[in-house]
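1. sequence first, predicted model second:
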Amino acid sequence: MRWCDPSHVHPRPPESPNVSKDASRPPQRPLSRKPGWQKKFSRTGHGKDQRQRPDRRDDDDRREDEGPLRLFGLHAIEAALQNSARKIKRLVLTENAERRLVDAVGELKHPVERASPRDLDRILGADTVHQGAMLETEPLPEPEFADLIADAGGRPLIVLDQVTDPHNVGAILRSAAAFGAAGLVMTRRHSPPLNGVLAKSASGALELIPVALVQNLSRALEELKDVGFFVVGLDGEAEAAIEDLDWSRPTALVMGAEGKGLRELTGKTCDQLARITTQGPLDSLNVSNAAAVALHTAALARIKSRS
């Protein structure tokens, strides 16, 4: 099967005139950058991803790169409030959103700034689905790549090769949390920021699934293989099917960007390429849907191997 490849990419729309920039607020602090090559890891195979439409970042996504790191949406903020690793700086809620959060998590331990939906529209953009809730926070501590590997415990890792759409990465994180993946690995460049749009798409999973950022993806894959991981790349043209793989081994599942799939070097670094079996009139899946199918397949195989 191949990833969907539309004929065009949406052009960047002009920034909404309704968005007011608060110059009094400090600029967003960059994500922490820790070196991740201190330890060696085990061998595994990975591979190529299926073809999809080109990744995109719309105007709301680009707006998040400026100013403080903001999360929005009730599920994302509920999960952030329950995460002791989150250092919360500001919590802005409508009356209704505050009531719903109190019902979900109990008494709020952080001061609440009351706002109207229109106030939040002005801060986040009129098209942002904020559900009356916004949180300004510092980035989560970034896990060491070595620690992510050591803590996998036989669960699969997801490796993304320049998947830049935050909606897709957020949905992949949600599937990772649902099907028991150990973590997500992305490159420092050509990956979306870990903030609002991604967090809302993840529906709380950003607080549950550790995300490690690496400088060189091929080198990271080689280190995974050195410690025994089987690195599998999704490729719609591969001969092997994912349901025929041995998921009892430590496995890294590698997926490429929509529209172009895995880069050539990434695909060559994989131990094996595999495809998702389809039978319908369409043979293409969105990258986040493909990740969900693959992770579900892996979860079922692990359950059967223990029975």
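-> Thanks, I have it. Keep in mind that what you see is a predicted model, and the values were worked out from it rather than measured.

2. where do the strands of this protein begin and end?
-> With strands called from DSSP state E, the chain shows them at 46-47, 70-72, 88-93, 112-114, 133-137, 157-161, 183-187, 211-214, 230-234, 240-241, 251-256, 272-275.

3. out of those strands, which one sits most buried?
-> Counting by mean count of other CB atoms under 10 Å, strand 46-47 has the highest mean neighbour count of these, with a mean of 32. Where C-beta positions appear, they are placed from N, C-alpha and C, glycine not excepted.

4. OK, contacts around Leu135?
-> Arg70, Leu71, Phe72, Ala76, Ile77, Ala80, Leu81, Ile88, Arg90, Leu91, Val92 (CB atoms under 8 Å, 6 or more residues apart in numbering).

5. residues of stretch 99-113 that come out buried?
-> For stretch 99-113, burial by neighbour count (16 or more other CB atoms under 10 Å) applies to Arg100, Leu101.

6. put the alpha carbons of that stretch into CSV.
-> Extracted in CSV, the C-alpha atoms of stretch 99-113 (Å, rounded to 0.1, in the frame of the first residue of the first chain):
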residue,chain,number,x,y,z
ARG,A,99,-15.7,23.5,36.1
ARG,A,100,-15.0,20.6,33.8
LEU,A,101,-11.4,20.4,34.8
VAL,A,102,-12.3,20.4,38.5
ASP,A,103,-14.7,17.6,37.8
ALA,A,104,-11.9,15.7,36.1
VAL,A,105,-8.9,16.3,38.3
GLY,A,106,-10.3,17.8,41.5
GLU,A,107,-9.3,21.1,43.1
LEU,A,108,-6.9,23.0,40.8
LYS,A,109,-3.6,23.6,42.5
HIS,A,110,-2.5,26.5,40.2
PRO,A,111,-4.0,30.0,40.1
VAL,A,112,-6.6,30.4,37.4
GLU,A,113,-7.0,33.5,35.2
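
7. other residues contacting that stretch?
-> For stretch 99-113, using CB under 8 Å, 6+ apart, the contacting residues are Leu74, Ile77, Glu78, Leu81, Gln82, Ile88, Arg90, Leu91, Val92, Leu93, Glu98, Ala133.

8. quick one, what contacts the second one?
-> For Ile77, the set of contacting residues under the criterion of CB under 8 Å, 6+ apart consists of Leu71, Leu91, Leu101, Ala133, Met134, Leu135.

9. ok, the fourth one to Ala240 distance?
-> As for Ala133, its distance to Ala240 is 45 Å (criterion: CB to CB, to the nearest Å).

10. ok, so of the contacts of Leu135, who is nearest Ala274?
-> Nearest to Ala274, judged by CB to CB, of the contacts of Leu135 is Ala76 at 32.2 Å.

11. against Ile276, how distant is the nearest residue to the closest one once chain neighbours are set aside?
-> Nearest non-adjacent residue to Ala76, counting by CB to CB, 6 or more residues apart in numbering: Ala199, 4.3 Å away. Per CB to CB, Ala199 is found 27 Å from Ile276.
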